[in-house]
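S.K.: I would like to see how this sequence folds:
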Amino acid sequence: MNTPVSEPDSASRPRRSVIVTGAASGIGRASALAFVAQGDRVLAADLDAAGVEETVREATATGGTALAAVGDLTDQRVVDSVVARAVAEFGGVDVLVNNAGIMDRMSAAHETDDAEWDRVLRVDLTAPFLLTRAVLPHMLAAGAGCLVFTGSEAGLRGGGAGAAYTAAKHGITGLVKNLAVMYRGRGIRANVIAPGPTATGIGVDSRPDAHGPAVLRSLIGANIGRVGSADEQAAAIVWLASDAASFVNGAVLPVDDGWSAV
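M.R.: Numbering: from 1, shown residues only. This is a model prediction of the structure:
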């Protein structure tokens, strides 16, 4: 008879160093608090200073260890400072959660101007790449590491968002799969969750008379299930970063109440 393998409790395993981006609210905040609750040390990063400080206050109020890092993660200098601080304060980076992101305006390609395209791609795809590139030397030196990304249902199909967001999230899926192949022999895993509709602070500033929103409204409305919670998404992120998922690498995990199965 096989003996079930269980995840070590937080008191019996080493405290990990975790960077969580987009930690001022929503999935990022829920993830930061979940990691802290199991004994990990978290560097919570976000552009929203007040929000990320509140996340740290919540985390430390229960005796956990968390620090705030404020800045625009599309800036290489900010990325370098975030990673350097995690290494200085916590001794390395064991887990990186690339969660920060913004929505597009649900614009179809012919409605997408340069500003919308550039900003969404920069925040949702380039910033996660910059952070991943910055932490990899530390993970390679340690011979271990977990990279978890927040993708989207829009990274699985063409009818979940506008042109910019859909392209960015498909890019995240490709990046994760490449990372899994490149570094699986070096003790580093990379996975991505694909959330369905989730109650977070992210908003969509779409024009109701535009072509993109008109097309997407009927597609999305007909296929989604219930709206999920940030805590449900965070639970999936924490699991992918755990020893229980030690053989999971390069996976795209829908957390969407079956939307991707429709």
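
S.K.: so where's the stretch 151-262 of the chain uncertain?
M.R.: 201-206, 221-222 (pLDDT under 70).

S.K.: where along it do the helices fall?
M.R.: Ranges of helices within the stretch 151-262 of the chain are 163-183, 211-223, 230-240, based on DSSP state H, counting those that start in this stretch.

S.K.: which one is residue 227 nearest to, not counting chain neighbours?
M.R.: Among residues not flanking residue 227 along the chain, residue 197 sits closest, at 4.7 Å (CB to CB, 6 or more residues apart in numbering). Every C-beta, even on glycine, is put in place using the N, C-alpha and C of the backbone.

S.K.: for stretch 53-69, what is the average pLDDT?
M.R.: Taken as a whole, stretch 53-69 has a mean pLDDT of 97.

S.K.: revised request: answer the last question for stretch 106-121.
M.R.: Across stretch 106-121, the average pLDDT comes to 96.

S.K.: now do the end-to-end distance for it.
M.R.: Taking CA to CA, to the nearest Å, stretch 106-121 runs 14 Å from one end to the other.

S.K.: and the contacts of it?
M.R.: Outside stretch 106-121, the residues within contact range by CB atoms under 8 Å, 6 or more residues apart in numbering are 102-105, 161-165, 167-168, 171, 204, 206, 210-213, 215-216.

S.K.: what residues sit buried inside it?
M.R.: Going by neighbour count (16 or more other CB atoms under 10 Å), the buried part of stretch 106-121 is 106-108, 111-112, 116-117, 120-121.

S.K.: at the geometric centre of this structure, which residue do we find?
M.R.: Centroid-nearest residue in the chain: residue 99, 2.4 Å away (criterion: CA atoms, centre = their mean).

S.K.: I figured that one hits residue 29, correct?
M.R.: No: if you go by CB atoms under 8 Å, residue 99 and residue 29 don't touch, sitting 9.5 Å apart.

S.K.: overlap in contacts, those two.
M.R.: Going by CB under 8 Å, 6+ apart, residues that sit against residue 99 and also against residue 29 are residue 23.

S.K.: mind listing what's buried along the helix or strand hosting residue 127?
M.R.: Secondary structure assigned from DSSP states H and E places residue 127 in helix 127-142. Across helix 127-142, burial judged by 16+ other CB under 10 Å covers 127-128, 130-132, 134-136, 138-139, 142.

S.K.: for that helix, name the packing helices and strands.
M.R.: Judged by 3 or more CB pairs under 8 Å, 6 or more residues apart in numbering; DSSP states H and E, the packing partners of helix 127-142 are strand 17-21, helix 76-90, strand 95-98, strand 145-150, helix 163-183, strand 188-195.

S.K.: apply 7 Å and report the result again.
M.R.: Using 3 or more CB pairs under 7 Å, 6 or more residues apart in numbering; DSSP states H and E, the elements in contact with helix 127-142 are helix 76-90, strand 95-98, strand 145-150, helix 163-183.
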